[in-house]
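Colleague: Fold the stuff below for me.
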Amino acid sequence: MGTFGVFSKEKKETLDKGLAKSKESVFKKLSRVVIGKSKVDNEVLDNLEEVLISSDVGVDTTLKIIDRIEERVSQEKYLGTQELNVILKDEIATLLEENNSGTIDLSFNTSDGPYVIMVVGVNGVGKTTTIGKLAYQFKNSGKEVYLGAADTFRAAAVDQLTIWAERVGVPIVKQKMGSDPASVAFDTLTSAKVNNADIAIIDTAGRLHNKVNLMNELGKIKNVMQKVIPGAPHEILLILDGSTGQNAFEQAKQFTKATDVNALALTKLDGTAKGGVVIGISDQFKIPVKYIGIGEGIEDLQVFNKKEFVDSLFSE
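Modeller: Residues are numbered from 1 along each chain as shown. Got it, this is the predicted structure:
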């Protein structure tokens, strides 16, 4: 069995490396906040607010964090700036734990067949790559995985998923271009169920078309899947490109309105200084960030560990 969900020393090193650009940016800004200051005062807090917002944490989440730190300052007569980083990490980690309490379930057990993950997100966010990496890590941890190429509108999407299926060594179900995506999903789940698979991952069209069309299309796929496996999909995983910062917030808004997203994955964090977006999205949407992509390697997709993430982002 693999250790997809276990946070090891190697994973910590990979996380630190993947967040290097965000970390460097945050620390440069934080160092300017405390320069010449011996204690945390209103000016320091104002500057800290600016740092968090400019690091793509988001306005609403930033204000929550500042309020919490202000409360700590008011409770303690003297709070030195050297303690600010420790308090900042503590308050952000606590905030994220409160919003998404409990640990992420990686058991994937169902009574009626495979655990079904429907993956949504716009083109270009790393959707198909994330599916491939998930399939690899699930297989590595002893799971039988099926892929369904239900993005039938783009030949490139089907071809790319086929390459990943061959690379990972898992079955893929696909049809000709322009086929009904719901039909592909139906065939995938039927095959996965007959062959006693543990997990079925369904790719969907990466188009942010108008909300009504998106709802209808995703709704139809869900309804057809439930004819094969009651309760499917068990997970609707929205993939967001972390390097787009505030644009990722907007995509999250659109997709959460269109369908019942219950898990998030943030990709491409290694190539950006916008790592703070993970904190804001996790807080604002009250939907667990389940995975983060922090590199191009097949193993550079990690289960999101809130404490380790905050510790890595705000530690020297």
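
Colleague: can you give me the strands for the stretch 101-250 of the chain?
Modeller: With DSSP state E, counting those that start in this stretch as the criterion, the stretch 101-250 of the chain has strands at 115-120, 145-149, 172-173, 199-203, 235-241.

Colleague: After the helix or strand in which residue 257 is found, which helix or strand is next?
Modeller: Assigned by DSSP states H and E, residue 257 falls within helix 246-258. Next helix or strand after helix 246-258 toward the C-terminus (DSSP H and E): strand 263-267.

Colleague: before we move on, the earlier item: now render the strands of the stretch 101-250 of the chain as TSV, adding mean neighbour count, mean pLDDT and distance to residue 297.
Modeller: (C-beta placed from N, C-alpha, C; glycine too.) Formatted as TSV, the strands of the stretch 101-250 of the chain follow (neighbours: other C-beta atoms under 10 Å; pLDDT from 0 to 100; distance: least, C-beta to C-beta, whole Å):
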stretch	mean neighbour count	mean pLDDT	distance to residue 297
strand 115-120	26	97	20
strand 145-149	27	98	19
strand 172-173	22	98	22
strand 199-203	29	98	19
strand 235-241	24	96	18
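
Colleague: now for these, which one comes closest to residue 134?
Modeller: Nearest to residue 134, of all these, is strand 199-203, at 6.4 Å by C-beta to C-beta.

Colleague: just checking, what packs against the closest one?
Modeller: If you count contacts as 3 or more C-beta pairs under 8 Å, 6 or more residues apart in numbering; DSSP states H and E, strand 199-203 packs onto strand 115-120, helix 127-140, strand 145-149, helix 181-194.

Colleague: closest one to residue 38 among the ones you listed?
Modeller: Nearest to residue 38 among the helices and strands packed on strand 199-203 is helix 127-140 (45.8 Å), distances taken as C-beta to C-beta.

Colleague: mind showing which ranges of the protein have poor pLDDT?
Modeller: For the chain, the stretches with pLDDT under 70 are 1-3, 5, 77-78, 100-103, 208-211, 316.

Colleague: Which parts of the stretch 201-316 of the chain are helices?
Modeller: Secondary structure of the stretch 201-316 of the chain by DSSP state H, counting those that start in this stretch: the helices cover 211-228, 246-258, 277-284, 306-313.

Colleague: buried residues in the longest one?
Modeller: If I follow you right, that is helix 211-228. For helix 211-228, burial by neighbour count (16 or more other C-beta atoms under 10 Å) applies to 214, 217-218, 221-222, 224-225, 228.

Colleague: At the geometric centre of the protein, which residue do we find?
Modeller: residue 265 (1.8 Å; C-alpha atoms, centre = their mean).

Colleague: if I read this right, that residue contacts residue 294, doesn't it?
Modeller: No. The pair residue 265 and residue 294 fails to qualify as a contact (C-beta atoms under 8 Å) at a distance of 11.4 Å.

Colleague: quick one: common contacting residues for those two?
Modeller: By C-beta atoms under 8 Å, 6 or more residues apart in numbering, residue 265 and residue 294 have these common neighbours: residue 301.

Colleague: how near is residue 273 to residue 293?
Modeller: 16 Å (C-beta to C-beta, to the nearest Å).

Colleague: ok, the closest residue to residue 171 other than its chain neighbours - contacts?
Modeller: Spatial nearest neighbour of residue 171, chain neighbours left out: residue 146 (5.3 Å); criterion: C-beta to C-beta, 6 or more residues apart in numbering. Residue 146 makes contact with 114, 170-173, 188, 191-192, 195, 197, 199-201 under the criterion C-beta under 8 Å, 6+ apart.

Colleague: count of residues packed around residue 178?
Modeller: Neighbour count for residue 178, taken as other C-beta atoms under 10 Å: 9.

Colleague: residues contacting the closest residue to it other than its chain neighbours?
Modeller: Nearest residue to residue 178, sequence neighbours excluded (C-beta to C-beta, 6+ apart): residue 152, at 6.0 Å. Residues in contact with residue 152, defined by C-beta under 8 Å, 6+ apart, are 158, 175-181, 184, 205.

Colleague: farthest pair in those?
Modeller: Spatially, the most separated pair among the contacts of residue 152 is 176 and 205, at 15.3 Å (C-beta to C-beta).
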